[in-house]
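>>> Need a 3D model of the following:
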Amino acid sequence: MIDAEQLLSNLRDIQEPAAPEGVSLLLIAANITLVMIILATLFIRRRRRRESWRQEALNCIFKARMMEPQAGLLSLAKLLRQLIHYRHGNSSELDGQAWLDQLDQEFKTQWFSQDEGQIFGEALYTNQSAGTVNLILLCDSLSTLVKSLPVTLPTNSAGKP
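Sure, this is the predicted structure:
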């Protein structure tokens, strides 16, 4: 028994480990990395949402390129109406030269009123228009114009995006 008492007397008291003196650099780096990933994801998601109309328009132009000339021309005309409606609200009351002027103003060009884009005015409603138009060249020009448009969010009636 004396051996047991002697052994017990030689034992030290239980001690807690020392408190850490600082925060681990690995933990800080992991938190910063996580915040950066979250911010990058939010940025990419916002950009995709803001650019979705452009991608849809380019896809529609690509599909129109593969169609018959008359159907492709009508598809492109419908796309232009939808694009202007998306960006500025109701524009369905415009037709003829006023419509071409609206398109020129939107795309900041004279292509619609003075060049090949005139096909989207009164010429769209004549049967001869589809036979004389080069649909592939028209699609290329429209693709370039759509890509050049600035990104703007549509506004509601209160003027807020």
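>>> what's the residue nearest the centre of the chain in contact with, if anything?
With distances taken as C-alpha atoms, centre = their mean, Glu51 lies nearest the centre of the chain, 1.4 Å away. Glu51 sits next to Val151 when contact means C-beta atoms under 8 Å, 6 or more residues apart in numbering. C-beta: built from backbone N, CA, C; applies to glycine.
>>> before we move on, what SS does it have?
With DSSP: H, G, I helix; E, B strand; the rest coil as the basis, the three-state label of Glu51 is helix.
>>> Number of residues surrounding Thr144?
12 (other C-beta atoms under 10 Å).
>>> Also Leu79?
The burial count for Leu79: 20, using other C-beta under 10 Å.
>>> what sits against the closest residue to it other than its chain neighbours?
Spatially, and ignoring its direct neighbours in sequence, Leu79 is nearest to Cys60 (4.8 Å; C-beta to C-beta, 6 or more residues apart in numbering). Residues near Cys60 by C-beta under 8 Å, 6+ apart: Ser75, Leu76, Leu79.
>>> Let's have those residues in a markdown table, adding pLDDT and secondary structure.
Converted to a markdown table, those look like this (pLDDT from 0 to 100; DSSP: H, G, I helix; E, B strand; the rest coil):
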| residue | pLDDT | secondary structure |
| --- | --- | --- |
| Ser75 | 89 | helix |
| Leu76 | 89 | helix |
| Leu79 | 89 | helix |
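>>> tell me the mean pLDDT over stretch 150-161?
On average, the pLDDT along stretch 150-161 is 51.
>>> before we move on, back to that, report the distance from the helix or strand hosting the residue nearest to Leu79 to the chain centre.
Using DSSP states H and E, Cys60 sits within helix 25-65. On the basis of C-alpha atoms, centre = their mean, to the nearest Å, helix 25-65 sits 9 Å off its chain's mean C-alpha point.
>>> got any ranges where this structure has weak pLDDT?
1, 90-92, 127-132, 152-161 (pLDDT under 70).
>>> quick one: the helices in it?
2-10, 25-65, 69-88, 96-107, 111-114, 129-132, 135-148 (DSSP state H).
>>> closest one to Gly121 among the ones you listed?
For these, proximity to Gly121 was assessed by C-beta to C-beta; helix 96-107 is nearest, at 4.6 Å.
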